[in-house]
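**Student:** Attaching a predicted model along with its sequence, questions to come.
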Amino acid sequence: MSEISITRTPEVIAGEINSLARQTMKMVLDNSIEIGRRLVEAKEMLPHGQWGSWLEENVEFSRSTANNLIRLFEEYGADDISLFGATAKNPKVGSLDYTKAVKLLALPSDEREEFLEENDVESMSSRDLQKALSDLKKVKEDKEKAEQKAETAKRLAEQKEQELEKLQREQSETDETIKRLKDQLEEAQRAANTEETAQLKESLEKTLTELASSNKKIKELEEAPIEVNATETIQVVPPEVQEELEQLRKKAGQSQNQTKYALQFEQLKQDFNNLLR
């Protein structure tokens with residue numbers, strides 16, 4: 001039985017290189033988590049205050065790198081500090097390579113679980129994964145802006161309502177003043193009190209002018225849009241803003257410490273690349 005020979009081509013070699021690279025990065029992730037597991041184990045045994053000196057004397061990691069390795073274990077390792085694999089927090093993480101696992105640390109744990117459920121991360125390229133994470137970040141930013149816009153509109157609407165109530169109370173008081181002045185004017189006219197009649201007419205005209213001004217202010221305030229910023233005006237909470245907000249709420253939650261974790265574990269990735277070299 002003759003052996004089947006495979007023609008060596010640049011494409012075949014590239015495939016082999018990529019396969020070996022993925023296996024290497026997967027191995028780096030597994031070992032990184034295992035180192036983190038053992039660091040946690042050792043740290044729990046050490047007396048308080050001896051962690052830094054123990055690292056310096058016994059292992060080749062700085063404290064920051066050790067903390068990053070512990071973070072990898074805490075995020076991806078099993079809760080019972082057993083070997084990484086079947087008892088991992090999320091089995092889907094066990095099939096990822098190091099680069100993808102590090103990129104996913106930019107997400108909070110609850111969002112990461114949801115992202116892994118909704119996306120075939122294992123089949124995605126690192127570039128596609130980065131784009132998906134960037135898109136998710138953009139969605140969350142848009143959501144936060146929409147929420148701020150709606151909150152600002154609500155607050156301004158409440159202020160507008162309070163101002164309207166104040167003007168309406170003043171208008172009611174003005175109406176009472178006009179009624180009182182009219183009664184006094186009729187009484188002064190019946191008494192043929194010329195001086196008092198003139199004073200009352202002047203007060204009445206002034207009060208009627210104030211009433212007209214108040215009515216104008218109320219009308220303008222009722223018709224005026226609510227200014228959310230210098231370039232955009234909206235009514236109280238427009239339907240389009242509510243719809244946008246609801247859509248964004250379904251797509252993403254809030255993200256915390258995203259930049260911090262991304263920077264920390266990018267440094268960790270570089271450290272292990274140096275070890276590989």
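**Tutor:** Perfect, I can see it now.

**Student:** Determine the longest helix present in this structure.
**Tutor:** Secondary structure of the chain per DSSP state H: the longest helix is helix 126-190.

**Student:** Give me the angle between the helix or strand following that helix and helix 126-190.
**Tutor:** Where DSSP states H and E defines the elements, the next helix or strand beyond helix 126-190 is helix 194-223. If you take axes from the mean of the first three to the mean of the last three CA atoms, to 10 degrees, helix 194-223 sits at 160 degrees to helix 126-190.

**Student:** now the helices for the stretch 1-150 of the chain?
**Tutor:** 10-45, 51-58, 63-76, 98-104, 109-118, 126-190 (DSSP state H, counting those that start in this stretch).

**Student:** Return the most buried member of those helices.
**Tutor:** Ranked by mean neighbour count, those are led by helix 98-104 with a mean of 22 (mean count of other CB atoms under 10 Å). Using the backbone N, CA and C atoms, a C-beta is placed for each residue, glycine as well.

**Student:** Can I get that one in CSV, CA atoms only?
**Tutor:** The C-alpha trace of helix 98-104 is given here as CSV (Å, rounded to 0.1, in the frame of the first residue of the first chain):
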residue,chain,number,x,y,z
TYR,A,98,-4.1,33.1,24.8
THR,A,99,-4.6,36.2,22.7
LYS,A,100,-8.4,35.9,22.5
ALA,A,101,-8.7,35.1,26.2
VAL,A,102,-6.7,38.3,27.0
LYS,A,103,-8.8,40.4,24.7
LEU,A,104,-11.9,39.2,26.4
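
**Student:** list the helices and strands that helix packs on?
**Tutor:** Judged by 3 or more CB pairs under 8 Å, 6 or more residues apart in numbering; DSSP states H and E, helix 98-104 is in contact with helix 10-45, helix 109-118, helix 126-190, helix 258-276.

**Student:** avg pLDDT for the third one?
**Tutor:** So that's helix 126-190. On average, the pLDDT along helix 126-190 is 85.

**Student:** Same check on stretch 221-235?
**Tutor:** Average pLDDT, stretch 221-235: 57.

**Student:** what does stretch 27-37 give?
**Tutor:** For stretch 27-37, the mean pLDDT works out to 86.

**Student:** go on, stretch 67-75?
**Tutor:** What stretch 67-75 shows for mean pLDDT is 87.

**Student:** For that stretch, C-alpha coordinates in CSV please.
**Tutor:** Extracted in CSV, the C-alpha atoms of stretch 67-75 (Å, rounded to 0.1, in the frame of the first residue of the first chain):
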residue,chain,number,x,y,z
ASN,A,67,-1.1,39.9,40.0
ASN,A,68,-2.0,39.7,36.3
LEU,A,69,-1.5,35.9,36.3
ILE,A,70,-3.7,35.7,39.4
ARG,A,71,-6.3,37.8,37.6
LEU,A,72,-6.2,35.3,34.6
PHE,A,73,-6.8,32.4,37.0
GLU,A,74,-9.6,34.2,38.9
GLU,A,75,-11.4,35.1,35.7
